[in-house]
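S.K.: structure, please.
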Amino acid sequence: MTTTGDPATADADRPGGEHRPAPGRPRALTANVPPLVRRLTAEFTGTAFLVAGVVGSGIMAERLTDDRGLQLLQNAAATAGVLVALILALGPASGAHFNPVVTLVDRAYGGIETSTAALYIVAQVCGAIVGAMVANAMFDLPLVDWSTTVRSGGDLWFAEGIATLGLLVVIFGIARSGRSTVVAFAVAGYIAGAYYFTSSTSFANPAVTIGRAFSNTFAGIDPSSVPMFVVAQLVGAVAAVGLILVLYPRVAGSADGPPTGPP
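M.R.: As a prediction, this is how the structure comes out:
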């Protein structure tokens, strides 16, 4: 049997008075969302906004100046800012991977189940594609405008492997040493720097690489160049797994004392 009446009175009648709002305050708006749905939504949303930030700032930079160096600076700064905000906002919901290689390395360390990792990657790739299309739409470009910017060559592939290795060392080095509260700023700083010290401008993310193929702009990559970039990123991820284990053999390990946490 159900009754109608004052919500505050109904809450007061519950055992222990659960969820009883303070006098004079409205009931909080909440939702009962399955944890996996929440996590996948966060990964999709975060990756979409990340790619929208990368592609959109690239388009804006092209329209603001013809100076390629200044375009890269604007693109790097905008990407770093978006990354900090997204990681801080969505990290509590999903861990803020936004990157298949991050998810794969997390799976290698046992931080996520195989089935969940697979769903994360699907959400990330779909989010990246949607993010590129959204950026195109915001600047009155075709939703799908395949990039013609060829990025091919051993130097670029090597750079992508190094960029990915460094990114994963930053993320998991900080996490495994127990300083996760600063990871957003460290990742953003690394990506901004890697835009300049790598010849590939540090895509370091298979989902983002795929998404950027959908926009024929400053930040784009020709679809024919995508497979080798992804291969290089995966090689960098494999190298990162080994290096991180050497540096931090146990969770929350440090050079200042004995490691703590599970072996």
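
S.K.: measure the residue nearest in space to the middle of the chain to F49 for me?
M.R.: For the chain, F98 is the residue whose C-alpha lies nearest the centre (Cα atoms, centre = their mean; 2.6 Å). Remark: distance between F98 and F49 (Cβ to Cβ, to the nearest Å) = 9 Å. Quick note: C-beta positions are derived from backbone N, CA and C, even for glycine.

S.K.: and if you look at P92?
M.R.: Distance, P92 to F49, by Cβ to Cβ: 16 Å.

S.K.: ok, the two, which is more surrounded?
M.R.: The residue with more neighbours, out of P92 and F49, is F49; 22 against 10, by other Cβ atoms under 10 Å.

S.K.: tell me the pLDDT at that one?
M.R.: In this model, F49 is scored at 98, pLDDT.

S.K.: looks like it contacts A128 (just checking).
M.R.: No - assessed by Cβ atoms under 8 Å, F49 is found out of contact with A128, at 10.3 Å.

S.K.: so where do the helices sit in the protein?
M.R.: Here the chain has its helices, by DSSP state H, at 7-12, 35-64, 68-94, 100-108, 114-138, 154-176, 183-197, 206-212, 226-247.

S.K.: and the shortest one, what's its mean pLDDT?
M.R.: Okay, so that is helix 7-12. Helix 7-12 comes out at a mean pLDDT of 41.

S.K.: same check on stretch 182-200?
M.R.: Rounded mean pLDDT across stretch 182-200 is 97.

S.K.: only C-alpha atoms, please: export that stretch in PDB.
M.R.: Taking Å, rounded to 0.1, in the frame of the first residue of the first chain, the C-alpha atoms of stretch 182-200 are listed here in PDB:
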ATOM      1  CA  VAL A 182      47.900  14.800  -8.600                       C
ATOM      2  CA  VAL A 183      47.600  12.500 -11.600                       C
ATOM      3  CA  ALA A 184      45.300  15.000 -13.500                       C
ATOM      4  CA  PHE A 185      47.900  17.700 -13.400                       C
ATOM      5  CA  ALA A 186      50.800  15.400 -14.200                       C
ATOM      6  CA  VAL A 187      49.000  13.900 -17.200                       C
ATOM      7  CA  ALA A 188      48.100  17.300 -18.600                       C
ATOM      8  CA  GLY A 189      51.600  18.600 -18.100                       C
ATOM      9  CA  TYR A 190      53.100  15.600 -19.700                       C
ATOM     10  CA  ILE A 191      50.800  15.800 -22.800                       C
ATOM     11  CA  ALA A 192      51.400  19.500 -23.200                       C
ATOM     12  CA  GLY A 193      55.200  18.800 -23.100                       C
ATOM     13  CA  ALA A 194      55.000  15.800 -25.300                       C
ATOM     14  CA  TYR A 195      53.200  17.800 -28.100                       C
ATOM     15  CA  TYR A 196      56.600  19.500 -28.500                       C
ATOM     16  CA  PHE A 197      59.300  16.900 -27.700                       C
ATOM     17  CA  THR A 198      57.800  14.100 -29.900                       C
ATOM     18  CA  SER A 199      57.800  14.400 -33.700                       C
ATOM     19  CA  SER A 200      54.300  12.800 -33.800                       C
END
